[in-house]
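**Student:** this is a predicted model, with the sequence first.
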Number of protein chains: 2
Amino acid sequence: MSATSDIEQLIEIMSRLPGLGPRSARRAVLHLIRKRSQLLHPLSETMATVAATARECLNCGNISTQDLCEICTSNVRQTGQICVVEDVSDLWAMERTGMFKGRYHVLGGTLSALDSVGPEELGLVRLEGRIPAEDVKEVILALNATVDGMTTAHYIADLLEARVRVTTLAQGVPVGGELDYLDDGTIGAALAARRPV
Amino acid sequence: MSATSDIEQLIEIMSRLPGLGPRSARRAVLHLIRKRSQLLHPLSETMATVAATARECLNCGNISTQDLCEICTSNVRQTGQICVVEDVSDLWAMERTGMFKGRYHVLGGTLSALDSVGPEELGLVRLEGRIPAEDVKEVILALNATVDGMTTAHYIADLLEARVRVTTLAQGVPVGGELDYLDDGTIGAALAARRPV
């Protein structure tokens, strides 16, 4: 490596991003330096803004540049539904469908005795407080269909179902899925949840 | 996408980097925001420094944060040899071997009639000027073994060989290479360039 130390340092930091290794970080940095005005300057400025302003929404845990995120402050979103997700990336995935019009609650993980993540760490007390405060009628559990996700979903359902309707995402055959390539668990779940055509 | 516009914009710019698409850019930005102090702040600062200072070395075309790069100003590098490479990434690849102690000349591309890249665009006049100025005894052509790279190598050899010794990288079997998996051209070149054991 013969570039001067700032460029080396930039490559080193970039190589720590998920999905980038040393080689792709070098390519990305060279590309950035070549496209200085179209890429490097805008990226540098946007990154500085985000570094200065990004924080967690105090209400739902979404990432925002304000104390309260755009969804929590929006007056076109319905307040009667809260969709509980593990992570901000799951929130973004839900938003890309464009089908959910309510608000979110981002847990930031799942319950885990091993990693000593309990209900406090996931903000479940805050979630309970939101139900009367936002006049919530339904809590939709959109947690990952993993063991940890389902354990957490059961815990939240037990916690809340006396006070509010708790639902969860349907399990079944994915759109475009071929039975031959699906695991037995998915086919079994789809069969158990079969419905009239 | 429900993040506020600065975060969306950061994702959009990151997704234009080579090797990153929309999905990996989202992952990278989330990771950056989560690791604010260890990653986002240092990356933002280093990027701002590089954006402000990165330029091409006036002598060799290497990327540098000074007018002259570290290699051209180093007093431990030999001045009698110039290694001609297509691109800064090739210079970095040569440097990683640690075996070349001279200086470089970065062409920034290859001759191409189609893209109207002529000798002026590649800084060949500057290269010619460096031969007497730096008392160069040998020009090593480390161009890619592609048609364009070899055309350019022949052009430079014709241009310079009256004044200076011009050599090129050896062609042959790569270290660890198995004959069965090599193309005919490589095996042919290795056979033609065979040498006593």
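**Tutor:** Yep, it's here.

**Student:** please make it C-alpha for all contacts and neighbour counts, starting now.
**Tutor:** OK.

**Student:** so for A:Val164, what pLDDT did the model give?
**Tutor:** Confidence at A:Val164, expressed as pLDDT, is 94.

**Student:** so it sits against A:Val139, correct?
**Tutor:** Yes - between A:Val164 and A:Val139 there is a contact under C-alpha atoms under 8 Å: 7.0 Å.

**Student:** distance check, the residue lying closest to A:Leu169 once chain neighbours are set aside against chain B.
**Tutor:** Of all residues not flanking A:Leu169 in the chain, A:Ala142 sits nearest, at 5.7 Å (C-alpha to C-alpha, 6 or more residues apart in numbering or on different chains). Note on A:Ala142: its distance to chain B, by C-alpha to the nearest C-alpha, to the nearest Å, is 16 Å.

**Student:** per-residue confidence for A:Ala142?
**Tutor:** 93.

**Student:** give me the residue at the spatial middle of chain A.
**Tutor:** The residue lying closest to the centre of chain A (C-alpha atoms, centre = their mean) is A:Val88, at 2.4 Å.

**Student:** check contacts around that one.
**Tutor:** The neighbours of A:Val88, taking C-alpha atoms under 8 Å, 6 or more residues apart in numbering or on different chains as the test, are A:62-63, A:106, A:108, B:30.

**Student:** which two of the residues you listed have the greatest separation?
**Tutor:** A:Val106 and B:Leu30 (13.5 Å; C-alpha to C-alpha).

**Student:** and the two? Which one has more around it.
**Tutor:** Between A:Val106 and B:Leu30, counted using other C-alpha atoms under 10 Å in any protein chain shown, A:Val106 has the larger neighbour count: 25 against 19.

**Student:** my guess is that one contacts A:Trp92, does it?
**Tutor:** No - checked against C-alpha under 8 Å, the pair A:Val106 and A:Trp92 is beyond contact range at 10.9 Å.

**Student:** picking that back up, can I get the contacts of A:Val88 in JSON lines with distance to B:Arg130 and secondary structure?
**Tutor:** Output for these, formatted as JSON lines (distance: C-alpha to C-alpha, whole Å; DSSP: H, G, I helix; E, B strand; the rest coil):
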{"residue": "A:Asn62", "distance to B:Arg130": "58", "secondary structure": "coil"}
{"residue": "A:Ile63", "distance to B:Arg130": "54", "secondary structure": "strand"}
{"residue": "A:Val106", "distance to B:Arg130": "61", "secondary structure": "strand"}
{"residue": "A:Gly108", "distance to B:Arg130": "59", "secondary structure": "coil"}
{"residue": "B:Leu30", "distance to B:Arg130": "48", "secondary structure": "helix"}
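
**Student:** quick one: which of the residues you listed is nearest B:Gly102?
**Tutor:** Closest to B:Gly102, out of all of these and judged by C-alpha to C-alpha, is B:Leu30, at 42.9 Å.

**Student:** so what are the structural domains in chain A, by residue number?
**Tutor:** A:5-53, A:76-168 (automatic domain parsing).

**Student:** now distance to B:Ser24 too, for these, in TSV please.
**Tutor:** As requested, the domains of chain A are arranged in TSV below (distance: least, C-alpha to C-alpha, whole Å):
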stretch	distance to B:Ser24
domain A:5-53	7
domain A:76-168	11
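
**Student:** packed most tightly, which of these would that be?
**Tutor:** Mean neighbours per residue, mean count of other C-alpha atoms under 10 Å in any protein chain shown, is largest over the domains of chain A for domain A:5-53, with a mean of 19.

**Student:** could you find the closest non-adjacent residue to A:Pro42?
**Tutor:** A:Pro42's closest residue in space is B:Ile13 (C-alpha to C-alpha, 6+ apart), at 7.8 Å.

**Student:** my bad, A:Glu128
**Tutor:** Closest to A:Glu128 by C-alpha to C-alpha, 6+ apart is A:Leu160, at 7.4 Å.

**Student:** my read is that the one you found contacts A:Leu127, right?
**Tutor:** No - counting by C-alpha under 8 Å, A:Leu160 stays clear of A:Leu127, with 9.5 Å between them.

**Student:** how far away from the center of its chain is stretch A:58-72?
**Tutor:** Centroid displacement of stretch A:58-72 relative to its chain, using C-alpha atoms, centre = their mean, to the nearest Å, is 13 Å.

**Student:** that stretch: end-to-end distance?
**Tutor:** Taking C-alpha to C-alpha, to the nearest Å, stretch A:58-72 runs 10 Å from one end to the other.

**Student:** give me phi/psi at A:Asp115?
**Tutor:** phi -90, psi 10 (degrees, to the nearest 10).
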